[in-house]
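*Asks:* With the input below, show me the fold.
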Amino acid sequence: MFGLGIQELLIILVIALVIFGAGRLPEIGRDLGKAIKGFKRAVTENDEIDVTPKQDEIENKKKGE
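*Replies:* Down below sits the predicted model:
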C-alpha cells in the first residue's frame, strides 16, 4: 500500500488524531469515502448527452403549433 509500513501508518494516524480529534475522524473518513465514490462514478460514467428529441416531445410540439 504505497510502500508504507505499519509504523508509518500508525504515525500518520496519531498525527491525524492530534490534529482533528477523535470525534472528527469518522466524519472525515466518511466524507473521504463519498469523495472517492463520486470520483469513481464520474470516471466510469458515460459523458455523452442525448440531445435528440424524444418521440413524445415531437408530438407535443406538433400539437402546439
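*Asks:* all contacts plus neighbour counts: C-alpha atoms, from now on.
*Replies:* Fine.
*Asks:* Extract the C-alpha trace of the strand or helix carrying Leu13 and format it as CSV.
*Replies:* Under the criterion DSSP states H and E, the helix or strand holding Leu13 is helix 6-20. Taking Å, rounded to 0.1, in the frame of the first residue of the first chain, the C-alpha atoms of helix 6-20 are listed here in CSV:
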residue,chain,number,x,y,z
ILE,A,6,2.7,-0.4,9.8
GLN,A,7,4.9,2.1,11.7
GLU,A,8,4.3,4.8,9.1
LEU,A,9,0.6,4.3,9.1
LEU,A,10,0.5,4.4,12.9
ILE,A,11,2.4,7.7,12.9
ILE,A,12,0.0,9.2,10.3
LEU,A,13,-3.0,8.0,12.4
VAL,A,14,-1.6,9.6,15.6
ILE,A,15,-0.9,12.9,13.8
ALA,A,16,-4.4,12.9,12.3
LEU,A,17,-5.8,12.1,15.7
VAL,A,18,-3.9,15.0,17.3
ILE,A,19,-4.9,17.5,14.5
PHE,A,20,-8.5,16.6,14.1
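*Asks:* Which neighbouring elements make contact with the lengthiest helix in the chain?
*Replies:* Counting residues, the longest helix found in the chain (DSSP state H) is helix 25-44. Helices and strands touching helix 25-44, by 3 or more C-alpha pairs under 8 Å, 6 or more residues apart in numbering; DSSP states H and E: there are none.
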